[in-house]
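Colleague: mind folding the following:
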Amino acid sequence: MEDFRRTYLRLCKESGLEPQESVLNQLHDVRAAGDSTRLDLATQSLSVDTCAVLGRVLSNDVLFTEVVLSDCMLSEEGVKLLLHGLCSNTTVKVLDLKGNNMRAVCSEALGKLLRQNKSIRRLTLEWNALGMWGEAFSIFCEGLGSNEALKQLDLRNNQINHQGAGELAMALKRNTTLQELDLRWNNIGLLGGRALLESLQQNRMLLQLEMAGNNVPSDTLKAVEQSIDHNSDRKSTLKESRSKTQVLSKEIQSLREEKGKQFLNMMETIDKQREDLGRSSRMSAVRVGQLQEALNERKSAVNSLKAKLQMTEAALALSEQKSHDLGELLSRVKLEKSELKERQSREMNKEQEEAVIREGKLIRELHISTEKTLHLKSKVDELERRCKAQQDHIFDLKQELTNSTAELKLRLAQAEERLEAEKKRSKQTLDDAENLRQKEVDQLNRHREESERSLQDRVQKLEGIRIQLEEELSRVRALSVTERAQAEEELVKVRNQVRLEEQQRVSHLEEKLRLLTQSRDESQIHCTQQKRTVSELQAKNNHLALEMEGLKRRIEELQQELGGKEQEKVAEVNKVRVELQEQIGHLQAERATQGGLKEKIAALEREMKVQTSNHREALLDKESEIASLLEKLRLKDGEIMRTREDEAQRASFLQKAILTYVQGSPLGSYSPNK
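Modeller: The predicted structure follows:
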């Protein structure tokens, strides 16, 4: 309000005018009353300059929604300036120009206002003279026809004739917003009433039309009332249909929103389920890949272990074969040694027998020595030759023994080298195949135990043979001593030779004993080495057996873990399948609910279409009925006009006949002249 006052004062100052005191007082009263949306300047005499300033202020005002300028006796120029300012106003809803004696210029300004202004809803023009100038009023009607905001128009006491009513009828045909029109106390007449009635056939928005005091026949007024009632009925039906359509549209919108929400929720749940499924599938795939990798690793480890087992089995078979070959070689060497010992024992026996024979011969020769000295000499020669032969034979035997011992040593060295090589090979093979030897080791242990037993038996046999040989040697020594004593007693001459022979024999036998002891010691050393190797192999075999047992337990644990993981995998796969089936069931149920909602929406849309079609048919039927009633009214009006014309003609004919009769009668001379 204060802004309006300041703007008014500023514009008055700019125009060089003195602000009108009545306007300022009214503005002060409005501000004091607190009604800041109603500008009431009724019964205030406003000058043209004041109207110009007010028009400029109202052109940009956003405060007042109602302007009252009734009974201000405004001049045409002042009204024009005010209305020009209101053309650009967007807040004024009600304009009251009652009792200002507005005429042609004002009508044109009002027409311009109605064409340009889009905010005025009610316009009061009572007690003016707008209908006196036809052209200006036609401009006003054109503006009314093009207006799309005005709903109430008051044109009471504006001297509107039937031509102005025709212009109003043309404007009403084009207007689509006006609902109330007051034309009371004008000069519309019969023709104007008919024109307005015809306009109501096209205008369906006018709900109230007041035409009292216009010399309009009652039947026309009734027809106008019927058309207005029809418009009101149509308006009510339209309101009902709009309300129903709004309700239906709201319901449909709510259903669509619910459907959209459900669809979005369903899509969100589906997306979540898809994400969960994808995550679970990725996790399961990763886990399956890890399990597969672990399985592949375990399979590769198992395959490598199998390969190592096969290699160790092959190596064990080779080592067994080599040990068997070595055992055979040892047995052959032992057999050769036993054969050599038997040969030596046989030779010793033969030599002893020969010595016994020679001793007997010598005893017999000693008995006849005196007699057969020559023969003894010859025998001595023979004995010398035999001794030489025996020496040669003994030398050959020594050479054979040395060769055999050398060969045995070479064979032992070769066997030791082979054993060392085989030990190295066995160590390599055992290092390469430390995990899988239990069965073969048991067999090897059994075989070695048997070989040890056989070796112990053989050693015991050799010790028995050595004892026998020592006993035989002791016997031989005793026999040799007795023979020496007998030879010394009986053969003094041959003692030296016999001693030499016996010394040679003893040295030979000692050499043989030394060689036998050496061979025995070497065999014992070899047996101890064999025992050590056997103990080492047993320890290695025990270690390998322990490692094999640990590997077997590890393999069993890995197999159990694999079985547990496979069971977990199967359980997880079954769980995922069950979850997928449940989700599929939920989705199918949601699809079914969506189908039911779609069917309901389709049914509602079909019902809405049926109702709209029924409503349209009802409207068409009512319009056709109205058209038929209007046609009947026109026909009745024509008949009434014809009857009136006929009655007027009859009355004129009757009047003429009466006049002619009166003039022709003797009373005609007494009738006064016109």
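Colleague: going forward, measure contacts between C-alpha atoms and count neighbours the same way
Modeller: Fine.
Colleague: can you tell me how far residue 572 sits from residue 566?
Modeller: Distance from residue 572 to residue 566, counting by Cα to Cα, to the nearest Å: 10 Å.
Colleague: ranges for the helices of the protein?
Modeller: For the chain, applying DSSP state H gives helices covering 2-15, 21-33, 48-59, 76-86, 104-116, 134-146, 162-174, 189-202, 218-367, 373-432, 438-490, 495-664.
Colleague: and these: which comes nearest residue 183?
Modeller: Evaluated with Cα to Cα, the helices of the chain place helix 162-174 nearest to residue 183, the distance being 9.2 Å.
Colleague: rounded mean pLDDT for the closest one, please.
Modeller: Taken as a whole, helix 162-174 carries a mean pLDDT of 93.
Colleague: what helices or strands is it leaning on?
Modeller: Identification of packing neighbours for helix 162-174 by 3 or more Cα pairs under 8 Å, 6 or more residues apart in numbering; DSSP states H and E yields helix 134-146, helix 189-202.
Colleague: would you mark the buried spots in the last one?
Modeller: This points to helix 189-202. Of the residues in helix 189-202, 189-201 count as buried by neighbour count, 16 or more other Cα atoms under 10 Å.
Colleague: want to try a markdown table for those, with distance to residue 513 and pLDDT as columns?
Modeller: Listed next are these as a markdown table, based on distance: Cα to Cα, whole Å; pLDDT from 0 to 100:
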| residue | distance to residue 513 | pLDDT |
| --- | --- | --- |
| 189 | 180 | 91 |
| 190 | 179 | 90 |
| 191 | 178 | 92 |
| 192 | 175 | 92 |
| 193 | 174 | 92 |
| 194 | 174 | 92 |
| 195 | 172 | 93 |
| 196 | 170 | 92 |
| 197 | 169 | 91 |
| 198 | 168 | 92 |
| 199 | 165 | 92 |
| 200 | 164 | 91 |
| 201 | 163 | 89 |
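Colleague: just put the residues you listed in CSV and tack on distance to residue 79.
Modeller: Shown next, in CSV, are the buried residues of helix 189-202 (distance: Cα to Cα, whole Å):
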residue, distance to residue 79
189, 30
190, 33
191, 32
192, 28
193, 30
194, 33
195, 30
196, 29
197, 32
198, 33
199, 30
200, 32
201, 35
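Colleague: of those residues, closest to residue 164?
Modeller: residue 192 (7.7 Å).
Colleague: so the closest one sits against residue 168, correct?
Modeller: No - look at residue 192 against residue 168 with Cα atoms under 8 Å: they stay out of range, at 9.1 Å.
Colleague: point to the helix or strand of this protein where mean pLDDT is at its lowest.
Modeller: Least confident element among the helices and strands of the chain, by mean pLDDT, DSSP states H and E: helix 373-432 (a mean of 71).
Colleague: quick one on the thing from earlier: nearest to residue 126, of the helices of the chain?
Modeller: Ranking these by distance to residue 126, with Cα to Cα as the measure, places helix 104-116 first at 13.1 Å.
Colleague: now that closest one: mean pLDDT?
Modeller: 93.
Colleague: other SSEs contacting that helix?
Modeller: helix 76-86, helix 134-146.
Colleague: check the gap between residue 305 and residue 548 for me.
Modeller: Distance of residue 305 to residue 548, computed by Cα to Cα: 10 Å.
Colleague: ditto for residue 166
Modeller: Distance from residue 166 to residue 548, by Cα to Cα: 124 Å.
Colleague: please say which of the two ends up with more neighbours.
Modeller: Shown here are residue 166 and residue 548; by other Cα atoms under 10 Å, residue 166 has more neighbours (23 against 18).
Colleague: tell me the contacts of that one?
Modeller: 192, 195-196 (Cα atoms under 8 Å, 6 or more residues apart in numbering).
Colleague: from those, which is closest to residue 475?
Modeller: Closest to residue 475 out of the contacts of residue 166 is residue 196 (179.6 Å), distances taken as Cα to Cα.
Colleague: what's around the closest residue to the closest one other than its chain neighbours, how many residues?
Modeller: Sequence neighbours aside, residue 169 is the residue nearest to residue 196 in space, at 4.9 Å (criterion: Cα to Cα, 6 or more residues apart in numbering). When neighbours are counted by other Cα under 10 Å, residue 169 registers 25.
Colleague: neighbours of residue 645, just the number please.
Modeller: Residue 645: 12 surrounding residues under other Cα under 10 Å.
Colleague: quick check: residue 225 vs residue 17, distance?
Modeller: Using Cα to Cα, residue 225 is found at 52 Å from residue 17.
Colleague: please identify which of those two sits among more neighbours.
Modeller: residue 225 (18 against 14).
Colleague: pLDDT score for the more buried one?
Modeller: Looking at residue 225, its pLDDT is 92.
Colleague: what separation do you get for it and residue 217?
Modeller: 12 Å.
Colleague: ditto for residue 379
Modeller: Computed as Cα to Cα, the residue 379 to residue 217 distance reads 207 Å.
Colleague: burial measure for the residue nearest to residue 148 when sequence neighbours are not counted, as a count.
Modeller: Nearest residue to residue 148, sequence neighbours excluded (Cα to Cα, 6+ apart): residue 177, at 5.7 Å. Using other Cα under 10 Å, residue 177 has 21 other residues around it.
Colleague: cool, and residue 515?
Modeller: Applying other Cα under 10 Å, we find 15 residues neighbouring residue 515.
Colleague: ditto for residue 337
Modeller: Look at residue 337: counted by other Cα under 10 Å, it has 18 neighbours.
Colleague: any idea how far the residue most central in space within the chain is from residue 269?
Modeller: Central residue of the chain (Cα atoms, centre = their mean): residue 275, 2.7 Å from the mean position. According to Cα to Cα, residue 275 and residue 269 sit 9 Å apart.
Colleague: try residue 389
Modeller: Plainly put, residue 389 is 121 Å away from residue 269 if you go by Cα to Cα.
Colleague: next one: residue 231
Modeller: As judged by Cα to Cα, residue 231 and residue 269 stand 54 Å apart.
Colleague: residues in contact with the residue nearest to residue 175 when sequence neighbours are not counted?
Modeller: Leaving aside its sequence neighbours, residue 175 sits nearest to residue 145 (Cα to Cα, 6+ apart; 4.6 Å). Contact analysis of residue 145 by Cα under 8 Å, 6+ apart lists 170-175.
Colleague: repeat that with 10 Å
Modeller: 111, 114-115, 139, 167-178 (Cα atoms under 10 Å, 6 or more residues apart in numbering).
Colleague: try residue 367
Modeller: 361, 490.
Colleague: rerun at 7 Å
Modeller: Residue 367 makes no contacts at all, as judged by Cα atoms under 7 Å, 6 or more residues apart in numbering.
Colleague: now the end-to-end length of stretch 53-71.
Modeller: End-to-end distance of stretch 53-71: 19 Å, with Cα to Cα as the criterion.
Colleague: buried set for that stretch?
Modeller: For stretch 53-71, by 16+ other Cα under 10 Å, it's 53-59, 61, 63-71.
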